[in-house]
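Engineer: Have a look; sequence and predicted model below, questions after that.
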Amino acid sequence: MGITDTLQRQTPKETIERPNHHRLRGRVRVFANWCKGCGLCIAFCPQQVFTQDTEHRPVVAYPERCVACEWCAIHCPDFAIVVEVIQDTQEEAAR
Amino acid sequence: MKTAQEEHEIYQYLRHKKKFPGVWCAGCGIGIVLASIIRAVDHLGLDKDDVAMVSGIGCSGRMSVYVDFNTMHTTHGRALAFATGLKMARPKMHVLVVMGDGDALAIGGNHFIHTARRNMDLTAIVINNSIYGMTGGQYSPATPMGALAATAPYGTIERPLSPCQLAEAAGAAFVARSTVYHAKELEHLIGAGMQKKGFAMVEAVSYCHTTYGRMNKVGTAVDMMRQLKENGITVQAAARLSEEEKQGKIVRGVLVDRDLPEYLEEYEKIIAAAQAAVAGAGVPSP
Amino acid sequence: MTVRLVQGNAACAEGALRAGCRFFAGYPITPSTEIAEILARELPRVGGKFIQMEDEIASLAAVIGASVGGLKSMTATSGPGFSLMQENLGYASAAEIPCVIVDVQRAGPSTGLPTAPAQGDVMQARWGTHGDHPIIALCPSSIPETYLLTIQAFNFSEQYRTPVILLMDEVIGHMREALDISALPIPEVVDRPGMDVPPEWYFPYDETPSDVPPLVSFGEGFRYHITGLIHDRAGFPTYRQDEINPWWRRFFAKINRNLDDIVLYSTDGLEGAAEYSRARTVVIAYGSTARAAAHAVQMARARRYKIGLLTLKTIWPFDEELIERLAGGAHRVIVPEMNLGQLALEVERVVGRSKVVRVNRVDGELIPPQQILDAIEEA
């Protein structure tokens, strides 16, 4: 097993411990009825998870690429995207 | 299977009876600031009843109706004055004041200066898109010199004002800046501002692709967001640059953090002294 | 029994404290500044708060904010400051936030005669802010009345969820007169009612039988939205005609349906049908002018004139039925005012221009009783 990077972020509410971030994955959901098709999520996703439909709205075309950076969810001006962080340990990856 | 509303706390902070999506143009940064504010409040673990949002007039001012706090959408430029009264009546309430650059610096300039000077425990968030967006793209006190605007068809000939410099000069205890690209940093700065005892001003640099972007041929919301990414530099990085190199850059981070007497604390001392004098003299209250 | 010689501005400040006022925000302006100075000293003593804001616009804004936060709040100013306050006054009116605005009138327009009395803001009190809106404006003509009407102003503001203007003038503000609070018929103080429904059932602008939806202060567990935009019953902005028109109806009805309660006045020589039919001349006066009018009416009676006096304590709303009833049958209606005819416009509208005799003065001097008597004799 390699070195596990641990990012400890302390907030007044809780401490989040994340294992090596390369092993994080996310499940992306887009709420089409709130999405205005601004294209920010599509343009800035570092993993190019999205393609766009005929109304410029994001389509989660490559969900397996998502590393749960949450850029899309944090930057969606209309609260139309949520990213569920899926813990993905090295053991699971080895399976 | 849970709905998004149940899974993600952020939706608990939106008014369920309001129509979504919000009134802003597709790609506008104001919604991003709203999300940053909500995350900041959520991280502080505050009760929604203990939070108020007072907003001004303009696209930024339309934020307050969407969020499930005690909200007031007030008159143009006067949000800080309304917030002053509310805070004096409810000292324990966390009062956020959301304004645009025109609302805060032009018509609201006087109130901006004096609210900062008083150092009352309020958190002001100035969303600076360097234009009057709501009314169609007239220039604001933050519009860069030479830019085209609806009331500057030949380009502006006025030098812009920096809300951060103004807040610092007026005596604010905490001054910070970030951009809607750096939304997580923005969230942390807002949280820090809320925790700071005294007047905190956070400038959230955004853009208006619909008016400014179109008139000055800057591009789409994506293009303007990319510019924020490319031009945003930290305070530390800025310290290593010359004035020339800093041209066009947006300096992000905490710019001012000082400890100064907070207005309401000082006023409580006045109340204590006045009441002690009354008790001592045996004067009956009216 | 404690009789004190009290200045009008001081009586106003005392009345405010008695009514439960615990917040004042203001800006110095002659001839109102004493109200601010007294409250700067007295409010902290009772655990209240005073703040001098950077201008009158901010003053009224802070008053509205503090009222929303749960404190009975007041500001005091004069003509130039009153002009500055108009936008936020409209906000308080449209958003239905209780507050009291004292305007100690001085001669205008513009900087005018800062230390001289006038009654030139009467129409401004009614129409100073843009758009249609109802308003309540009270006008004392003595120091005891100043004390009482200040309390009444707070009561009306809470009862009807409206800003209330207290129109004083420089003479009432600065003169001193005997005040014995223990001998006054002090009205019961009206406080903001609570709400006993679950918060999600609370609509801050709901249709209610009284036309006045209960106001709950911020921080009490009811989170809602306040805006100057035309709004629905939840306080959210709307452009729907089927939400806007009912709002207009309620907005005006809450005042217009309650004239019996709101319109305060006193009469002399107009009570009873027999008396009324004998009053060939009716004098309608308000503020410090009413003092001279009372004296003039006495002098006229001594000369066998059939004359009655109506002293208005509520200037707005203007009760047309009341004026028609008390003065409609008179041969002449005399309206003395320290302006060029403002209340007279309303009286003329109701009883007819040919009946109304204006007695005006705008040079900074009070209208003396003789000037009113001359008008009575010529009429």
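Structural biologist: Arrived safely. Remember, predicted model here, so these are calculated numbers, not experimental data.
Engineer: for chain C, what helix or strand is lowest in average pLDDT?
Structural biologist: helix C:273-278 (a mean of 55; mean pLDDT, DSSP states H and E).
Engineer: tally of neighbours for A:R25?
Structural biologist: Per other Cβ atoms under 10 Å in any protein chain shown, the neighbour tally for A:R25 reads 19. All C-beta spots, glycine's among them, are computed from the backbone N, C-alpha and C.
Engineer: what's the distance between it and A:C66?
Structural biologist: Per Cβ to Cβ, to the nearest Å, A:R25 is found 6 Å from A:C66.
Engineer: go on, C:A125?
Structural biologist: C:A125 is 63 Å from A:C66, by Cβ to Cβ.
Engineer: Next up, identify which helix or strand the residue positioned nearest the centre of chain B is on.
Structural biologist: Geometric centre of chain B, nearest residue: B:I125, 0.9 Å, by Cα atoms, centre = their mean. Per DSSP states H and E, B:I125 falls inside strand B:123-128.
Engineer: what about that strand and chain A, touching?
Structural biologist: No - Strand B:123-128 lies out of reach of chain A by Cβ under 8 Å from any Cβ of the partner chain, never closer than 11.9 Å.
Engineer: now the helices for the chain?
Structural biologist: Let's take chain A. A:40-44, A:71-75, A:90-94 (DSSP state H).
Engineer: The intended chain is chain B.
Structural biologist: Going by DSSP H, chain B shows helices at B:4-7, B:30-44, B:79-89, B:101-102, B:109-118, B:163-170, B:183-195, B:214-215, B:221-231, B:235-239, B:243-246, B:263-281.
Engineer: could you measure B:E230 against B:N216, distance?
Structural biologist: 17 Å.
Engineer: quick one, which of those two is more surrounded?
Structural biologist: Set B:E230 next to B:N216 and count neighbours by other Cβ under 10 Å: B:N216 wins out with 18 against 12.
Engineer: what sits against the residue nearest to B:I30 when sequence neighbours are not counted?
Structural biologist: Leaving out its chain neighbours, the residue that sits closest to B:I30 by Cβ to Cβ, 6 or more residues apart in numbering or on different chains is B:W24, at 5.2 Å. Residues near B:W24 by Cβ atoms under 8 Å, 6 or more residues apart in numbering or on different chains: A:P77, B:I30, B:G31, B:C59, B:R62.
Engineer: Which pLDDT value belongs to A:T89?
Structural biologist: We have a pLDDT of 56 for A:T89.
Engineer: quick one: is the helix or strand hosting C:L149 near chain B?
Structural biologist: According to DSSP H and E, C:L149 maps onto helix C:143-160. No - figure legend: helix C:143-160 not in contact with chain B (Cβ under 8 Å from any Cβ); closest approach 10.9 Å.
Engineer: what about the following helix or strand past that helix, near chain B?
Structural biologist: Downstream of helix C:143-160, the next assigned helix or strand under DSSP H and E is strand C:163-169. No - between strand C:163-169 and chain B, judged by Cβ under 8 Å from any Cβ, nothing touches; the nearest distance is 13.7 Å.
Engineer: helices or strands next to strand C:163-169 in the packing?
Structural biologist: helix C:8-19, helix C:86-95, strand C:99-107, helix C:122-127, strand C:136-138, helix C:143-160 (3 or more Cβ pairs under 8 Å, 6 or more residues apart in numbering or on different chains; DSSP states H and E).
Engineer: Serialize those to CSV and add fields for mean neighbour count, distance to C:T289 and mean pLDDT.
Structural biologist: Listed next are these as CSV, based on neighbours: other Cβ atoms under 10 Å in any protein chain shown; distance: least, Cβ to Cβ, whole Å; pLDDT from 0 to 100:
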stretch, mean neighbour count, distance to C:T289, mean pLDDT
helix C:8-19, 27, 15, 98
helix C:86-95, 22, 25, 98
strand C:99-107, 29, 11, 98
helix C:122-127, 20, 11, 98
strand C:136-138, 26, 15, 98
helix C:143-160, 25, 14, 98
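Engineer: right, so of those, which gets closest to chain A?
Structural biologist: helix C:86-95 (27.5 Å; Cβ to the nearest Cβ).
Engineer: helices or strands up against the closest one?
Structural biologist: helix C:56-68, strand C:163-169.
Engineer: Got the confidence number for residue 11?
Structural biologist: Chain wasn't specified; assuming chain A. At A:T11, the pLDDT recorded in the model is 34.
Engineer: hm, I was asking about chain B
Structural biologist: 94.
Engineer: Same question for C:L270.
Structural biologist: 87.
Engineer: With C:R280 instead?
Structural biologist: 87.
Engineer: what's the neighbour count on the closest residue to chain B within chain A?
Structural biologist: Relative to chain B, the nearest point of chain A is A:P77 (2.9 Å; Cβ to the nearest Cβ). By other Cβ under 10 Å, 25 other residues sit near A:P77.
Engineer: For it, list the residues it contacts.
Structural biologist: By Cβ under 8 Å, 6+ apart, the neighbours of A:P77 are A:36, A:38, A:40, B:22, B:24, B:26-32, B:35.
Engineer: Which one of the residues you listed is nearest to C:L167?
Structural biologist: B:I30 (42.3 Å; Cβ to Cβ).
Engineer: I'd like to know how many residues surround the closest one.
Structural biologist: 27.
Engineer: Could you point out which of the helices and strands packed on strand C:163-169 sits nearest C:Q371?
Structural biologist: strand C:99-107 (16.8 Å).
Engineer: and that closest one with chain B, contact?
Structural biologist: No - Strand C:99-107 is not in contact with chain B by Cβ under 8 Å from any Cβ; minimum separation 9.7 Å.
Engineer: Which neighbours in the sheet does that strand have, and how are they oriented?
Structural biologist: strand C:72-77 (parallel), strand C:113-117 (antiparallel), strand C:163-169 (parallel) (DSSP bridges).
Engineer: can you pull the contacts of residue 47?
Structural biologist: This is for chain A. A:Y62, A:R65, A:C66, A:V67, A:C69.
Engineer: wrong one, chain C
Structural biologist: C:G47 neighbours (Cβ under 8 Å, 6+ apart): B:I271, B:Q275, C:R22.
Engineer: low pLDDT regions in chain C?
Structural biologist: Scanning chain C for pLDDT under 70 picks out C:1, C:272-278.
Engineer: Which residue ranges make up the domains of it?
Structural biologist: In terms of domains, chain C is parsed into C:4-183, C:266-378 (source: automatic domain parsing).
Engineer: how near is C:Q124 to C:T77?
Structural biologist: 12 Å.
Engineer: no, scratch that, I was asking about B:L260
Structural biologist: Between B:L260 and C:T77 the computed distance is 31 Å (Cβ to Cβ).
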